[in-house]
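*Asks:* Could you look at this predicted model? Sequence included:
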Amino acid sequence: MTESRNLLRSELRVVNLGLELFADDLRSLGVPVVQMDWRPPAGGDRRMASLLQKLQGSQQSRDGE
């Protein structure tokens, strides 16, 4: 329980993934924010992501030979 109390008393620092509006709002409040430009693999298309994962796996197995 002591760790959680210390956590809540420490300075807030944020890593924001995705919508920069969230980071902008926090910055306006003086919160230090690191913005990451993350997007889902293959634009969120599950079928395409699966195909890319298979291609990556076959490339890794060729590189390992």
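*Replies:* Arrived safely, thanks for sending.

*Asks:* If we ignore the residues flanking it in sequence, what's nearest the most centrally placed residue in the chain?
*Replies:* In the chain, the residue lying closest to the centroid (CA atoms, centre = their mean) is residue 17, at 4.7 Å. Distances taken as CB to CB, 6 or more residues apart in numbering place residue 38 nearest to residue 17, at 4.5 Å, with adjacent residues excluded. Bear in mind the C-beta positions are built from the backbone N, C-alpha and C, glycine included.

*Asks:* returning to that earlier point: so what does the residue nearest to the centre of the chain have for phi and psi?
*Replies:* phi -110, psi 120 (degrees, to the nearest 10).

*Asks:* on that earlier part again, so the residue nearest to residue 17 sits right up against residue 18, yeah?
*Replies:* Yes: with contacts counted by CB atoms under 8 Å, residue 38 reaches residue 18, the gap being 6.3 Å.

*Asks:* With neighbour numbers in mind, choose between those two.
*Replies:* Per other CB atoms under 10 Å, whichever of residue 38 and residue 18 has more neighbours is residue 18, with 13 against 9.

*Asks:* Model confidence score at the more buried one, please.
*Replies:* Residue 18 carries a pLDDT value of 82.

*Asks:* All good on my end, thank you.
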